[in-house]
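S.K.: need a 3D model of the following:
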Amino acid sequence: MPKTAFLFPGQGAQYVGMGKDFYEQFNEAQKIFNQANEILGFDIAKLCFEGKQEELNKTAVCQPAILITSLAILEVLKNHSPLMINDCRAAAGLSLGEYTAHAFSGSMTFSDAVRLVYKRGTFMQEACTMNPGGMVSIIGLKDEVVENLCKETETSGVVCAANYNSPGQVVISGEKPLLDKVSALAKERGAKMVVPLKVEGAFHSHLMSPAGSKLSRELDLTPIARPNIPVVANVHAKYVKEPEEIRTSLAKQLNSPVRWHQSIHTLINDGFNQFYEIGPGKTLTGLMKRIDSTKKIQYIDSIESLKSLSHSN
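M.R.: So this is what the prediction gives:
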């Protein structure tokens, strides 16, 4: 029997036009976007559907935009594919996507998730201005090799492994001169590719500490419940079920590495063999193929992908 888990994308998945087809064809998706507009006090739907990509890429904009698009798609699935929703036994999300997982699982309300994610994006954007930095994807080296290169270099500043995306793909984060140094060392050690990422700062590193402190205060003020299904936390790749451990894991997440392939292995080791990526893009689908190509994964980011899903089932 298939054992199903939902996966939710993080920052970088955004594109202009995301969610528009769901908004135009389904009242429930319209309702989600309209409620979000009211909560945020600006037209997030317009930014998603017809804004400029540069505007949508801003951390304070793209984070709530991705969350809201993912939740709008989920709302459509609840009404039109209830069996798929009922079959879901666990959830995980990449960085920001962890909030979508908690909103879906019932740990936090829709309005609290939207407010928190908007504040999270704003705090992160402020931290990027305060502590400039960047991120670089290193492909073709083992996790431990990249970790050791960072340790060798971090004596003169901040540089660390930030995203364990798939075996052989680690994103590092930190101050630009140190990123350059680790990148050069990685090439010497045989990295296949070293790619600077187009992000505003050094996410998931200690340069995000000011954002982490502010977010922690917001989380303390936010009601959090036990989720209806377990959620795998990025910080340690284990299930979180109690409100306090959810708060702690989300607060730590900003300046801790995202253990994505370890999180997926937690699910696989627990017998999960059917995955759905729900939200814009298909980044997590691509990563799954590199983590374990034997597992079935399908993405839902448009009505077209939803239709092809019902045909394949």
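S.K.: show me where the stretch 1-150 of the chain has strands.
M.R.: Under the criterion DSSP state E, counting those that start in this stretch, strands of the stretch 1-150 of the chain are mapped to 4-8, 88-93, 134-139.
S.K.: give me the distance from the second one to the chain's centre.
M.R.: When C-alpha coordinates are averaged (Cα atoms, centre = their mean, to the nearest Å), strand 88-93 and its chain have centres 13 Å apart.
S.K.: so which of the strands of the stretch 1-150 of the chain is nearest residue 282?
M.R.: Closest to residue 282 of the strands of the stretch 1-150 of the chain is strand 4-8 (Cβ to Cβ; 10.7 Å). No exception for glycine: its C-beta is placed from N, CA and C like everyone else's.
S.K.: kindly calculate the angle that that closest one makes with strand 88-93.
M.R.: Counting by axes from the mean of the first three to the mean of the last three Cα atoms, to 10 degrees, strand 4-8 lies at 20 degrees to strand 88-93.
S.K.: strand 4-8 packs against which elements?
M.R.: If you count contacts as 3 or more Cβ pairs under 8 Å, 6 or more residues apart in numbering; DSSP states H and E, strand 4-8 packs onto strand 88-93, helix 97-105, strand 274-278, helix 283-291.
S.K.: returning to that earlier point: format the strands of the stretch 1-150 of the chain as CSV; extra columns: mean neighbour count, distance to residue 238 and mean pLDDT.
M.R.: Listed next are those as CSV, based on neighbours: other Cβ atoms under 10 Å; distance: least, Cβ to Cβ, whole Å; pLDDT from 0 to 100:
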stretch, mean neighbour count, distance to residue 238, mean pLDDT
strand 4-8, 27, 14, 98
strand 88-93, 24, 11, 98
strand 134-139, 22, 25, 97
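S.K.: reformat those strands as CSV; add distance to residue 124.
M.R.: CSV is the format used below for those (distance: least, Cβ to Cβ, whole Å):
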stretch, distance to residue 124
strand 4-8, 18
strand 88-93, 16
strand 134-139, 12
